[in-house]
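S.K.: Just a sequence and a predicted model for now, questions to come.
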Amino acid sequence: MRLIFLYGLPATGKHTIAQHLATLTGYKLFHNHLAVDLLLPVFDFGTQPFVELREQIWLSVFDHAAAANLPGLIFTFAPERTVRPTFIPATLDILARNNATVDFIELTCPLPELHQRLANLSRQRFQKLTSTTLFDQLRADGVFDATHMPTPRLTLDTSVHTPEAAAEAIAQALGL
C-alpha cells in the first residue's frame, strides 16, 4: 500500500485536494476529521482520552488498510500540539511492518488567503477551525509547529493552484 500523507495548516485545502486526488487515483480517502468528529461528542479536544483514541483510530486504519493490501490511502493531517510526538514514528513503523510506503506532501498557503478560507461554510461540516482570531492565537502560541514532520516529497502553495491542479501535480510527482 502507498499512503499519501497530505499535511498543512488549517484551511490549506487538504480535504478538497484529497477528494480530487482520490478521484484521480482511485485511492481511498481517510480524512483526519472522521476520527476527530467521531470523538468530539464524547471527549473534549486535546484531553487524554481524545488524543489517545484519535491516534489509535488513525494508526489502526493505516495498519488494517496496509494489511488488506489496498493499493493506496490518502490521509489529511494538520500538525498541531495535541498530536503526540510518537505518531509519525508509529505510522512509519506500521507501514514498514506491512511493506507499505508513505509520501509526505506539504500544502501551504499565505496567511491572508488562509484567513479568508477559514470562514468557508464547508469547514463547518467537519467541525473545523473557523475563527481567524483563534487561528492567529494558536499560531502565535506555536500550536501548529510542523518542524517534527519528515521532509515532504512535494510542497505545494495552494493559493496558486486550483484543487484539481494541485491533485494533478501530486499524482504526477508521485508517478500515479
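M.R.: Cool, the structure landed. Numbers count the residues shown, from 1 in each chain.

S.K.: so residue 168 sits in a helix?
M.R.: Yes - counting by DSSP: H, G, I helix; E, B strand; the rest coil, residue 168 is located in a helix.

S.K.: Checking the closest residue in space to it that isn't next to it in sequence next. Helix, strand or coil?
M.R.: Once flanking residues are discounted, residue 168 sits nearest to residue 24: 6.8 Å by CB to CB, 6 or more residues apart in numbering. Where C-beta positions appear, they are placed from N, C-alpha and C, glycine not excepted. State at residue 24, reduced to three classes by three-state DSSP: helix.

S.K.: list the contacts for residue 24?
M.R.: 167-168, 171, 176 (CB atoms under 8 Å, 6 or more residues apart in numbering).

S.K.: Need those in a markdown table (columns: pLDDT and distance to residue 98).
M.R.: A markdown table is the format used below for those (pLDDT from 0 to 100; distance: CB to CB, whole Å):
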| residue | pLDDT | distance to residue 98 |
| --- | --- | --- |
| 167 | 96 | 25 |
| 168 | 95 | 28 |
| 171 | 95 | 23 |
| 176 | 89 | 19 |
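
S.K.: got CSV for those residues, with distance to residue 51 and neighbour count too?
M.R.: CSV is the format used below for those (distance: CB to CB, whole Å; neighbours: other CB atoms under 10 Å):
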residue, distance to residue 51, neighbour count
167, 30, 26
168, 35, 17
171, 33, 16
176, 32, 18
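
S.K.: And the helices in the protein?
M.R.: 14-25, 33-39, 48-67, 87-97, 111-118, 132-140, 163-173 (DSSP state H).

S.K.: so the fifth one versus helix 14-25, what angle?
M.R.: In this case it means helix 111-118. Angle between the axes of helix 111-118 and helix 14-25 is 80 degrees (criterion: axes from the mean of the first three to the mean of the last three CA atoms, to 10 degrees).

S.K.: counting contacts, what elements does helix 111-118 pack onto?
M.R.: helix 132-140 (3 or more CB pairs under 8 Å, 6 or more residues apart in numbering; DSSP states H and E).
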